[in-house]
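Participant: Give me coordinates for this.
(4 chains)
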Number of protein chains: 2
Amino acid sequence: MTENTVPGGVDAAWPGGGERAPRKRRVDAQRNTDSLLEAAKTVFGTSGVDAPAKEITDLAGVGVGTLYRHFPQRSDLVKAVFQREVDSCADAAPGLAAAHEPGEALEQWLYRFTEFLATKRGLASALHSGDPAFDELPGYFMQRFGPALGSLLDAAAAEGEIRADVSPEELLHAVGNLCMVADADGPAYSRRMVSLLIDGLRYGADKSRSRS
Amino acid sequence: MTENTVPGGVDAAWPGGGERAPRKRRVDAQRNTDSLLEAAKTVFGTSGVDAPAKEITDLAGVGVGTLYRHFPQRSDLVKAVFQREVDSCADAAPGLAAAHEPGEALEQWLYRFTEFLATKRGLASALHSGDPAFDELPGYFMQRFGPALGSLLDAAAAEGEIRADVSPEELLHAVGNLCMVADADGPAYSRRMVSLLIDGLRYGADKSRSRS
DNA sequence: GCTTATCCGGAACGTCTTTCCGTATATTTG
DNA sequence: CAAATATACGGAAAGACGTTCCGGATAAGC
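Facilitator: The predicted model follows:
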């Protein structure tokens, strides 16, 4: 899953090209990077993105020096955590598609997506803080979630389970906005709103195309 | 203008009631709070609301202890600066009303209002940070600007210079939103958008009621 | 002018961030 | 497998900032 990830760039393909291989990335470095990301995800959720660095390094079982070597700036860590969770959510789509009927898969994934959104409360203000370090994140968000949702949408539409005239982008926006204003009322509320949205998708379905 | 202002509450009427007057507020204390507010306004605009405290105290020519005595929490300072600027902008309305025709006064004041908004970029994120210390500010905003704009609006409507079916609140919101999304394109752009809005107000005017 | 409540300044302290370097270890080479 | 070396680790140290505290100063009241 985490295969030789070098922290920093959105798509830092590392041993990719044909340059003289300098050396292989040390496994402990990779392990520590993973531990830090995991710990940071937890701590960000608990104490916000401005939590003390020590809290993160302690949880990760790592020295502070290690944190700053892998993530020289705090924004680097925030970006990495964000992307990691985006990836995790987006990558769940194919598995759900394989395990369920298209309509069910779509519904499951959207719930998964609402959970992703729920952990982003603290990040939201950071992302909109005007710090140029975060400029690329919205793009990454769409770049990953657009195709992921798109394939689920297409599959469900092909089966005639939902209407076919909704783009992934607008659905992502809709769910996103829904949960942003709804989160104050708890996750259960978000979930109900989203299921309402899904029923709306089904309402206009072209059942004649169904094969099942 | 600044008459014995005690920092802290929105409407901290101080020697107001009939309690045993403890003593008069020392003039140097008043002078220093004014200096601090003035300096904080400048520094907030330059370095954001998270600027180092020393930067503010140096500019105010005051020791850090003085800052913390008058404004124990940073949010106290932020609130005070905000309210001071709200007051300054709202209090400009009567003067403009006396110096210009009602329609012109309205236009002038709205430009003044856009300038006010332009300095609030840094504050916006702080206000929406979820800190309960700022909960009262939106209310203060409306409480001061509503009547200020309302009287200008009424005067202009009475002269038949603008339509009469627009409430102060909705106009404040409209201008606010306009400048929020427009500010990235510079103040000139905000100004053009607002003048467009004013022309929209004039369009539906009942000229028959004009007396001039 | 004298007393006293009030206020001032900045040193002192604690917390958090960030740098730095001696030590440890994974990887490569022979 | 052992030596060589690039790479990474940990935590001490330095720096920056927020916050507290109190001896000294000064305005207000008499």
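Participant: So if we follow the domain assignment, how does chain A break up?
Facilitator: Here the domain parsing of chain A from automatic domain parsing is A:25-72, A:82-207.
Participant: Which among these is found nearest to B:Ala29?
Facilitator: Of all those, the one in closest proximity to B:Ala29, counting by CB to CB, is domain A:25-72 (33.2 Å). The way it works is simple: take the backbone N, C-alpha and C, and place the C-beta from them, glycine included.
Participant: now check that closest one, is it near DNA strand C?
Facilitator: Yes. Using CB under 7 Å from any atom of the strand, domain A:25-72 reaches DNA strand C at A:26-28, A:50-54, A:64-65, A:68-69, A:72.
Participant: Can you flag the buried ones in those residues?
Facilitator: Among the residues of domain A:25-72 next to DNA strand C, the ones that count as buried by 16 or more other CB atoms under 10 Å in any protein chain shown are A:Ala51.
Participant: Of the residues of domain A:25-72 next to DNA strand C, which pair is most distant in space?
Facilitator: Counting by CB to CB, the most remote pair of the residues of domain A:25-72 next to DNA strand C is A:Val27 and A:Asp50, 31.4 Å apart.
Participant: host element of the residue in chain A positioned nearest to DNA strand D?
Facilitator: Proximity of chain A to DNA strand D (CB to the nearest atom of the strand) peaks at A:Gly65, 2.0 Å away. Element membership for A:Gly65 (DSSP states H and E) is helix A:64-70.
Participant: The next helix or strand after that helix - contacts with which helices or strands?
Facilitator: Once helix A:64-70 ends, the next helix or strand along the chain (criterion: DSSP H and E) is helix A:74-99. Here helix A:74-99 touches helix A:27-47, helix A:102-118, helix A:121-127, helix A:136-158, going by 3 or more CB pairs under 8 Å, 6 or more residues apart in numbering or on different chains; DSSP states H and E.
Participant: helices or strands next to the third one in the packing?
Facilitator: The one in question is helix A:121-127. Short answer (3+ CB pairs under 8 Å, 6+ apart): helix A:121-127 packs on helix A:27-47, helix A:74-99.
Participant: Quick one, which of these gets closest to B:Ala174.
Facilitator: Comparing the helices and strands packed on helix A:121-127 by CB to CB, helix A:74-99 comes nearest, at 33.7 Å.
Participant: Would you check that A:Gly146 makes contact with A:Leu171?
Facilitator: No. The pair A:Gly146 and A:Leu171 fails to qualify as a contact (CB atoms under 8 Å) at a distance of 9.9 Å.
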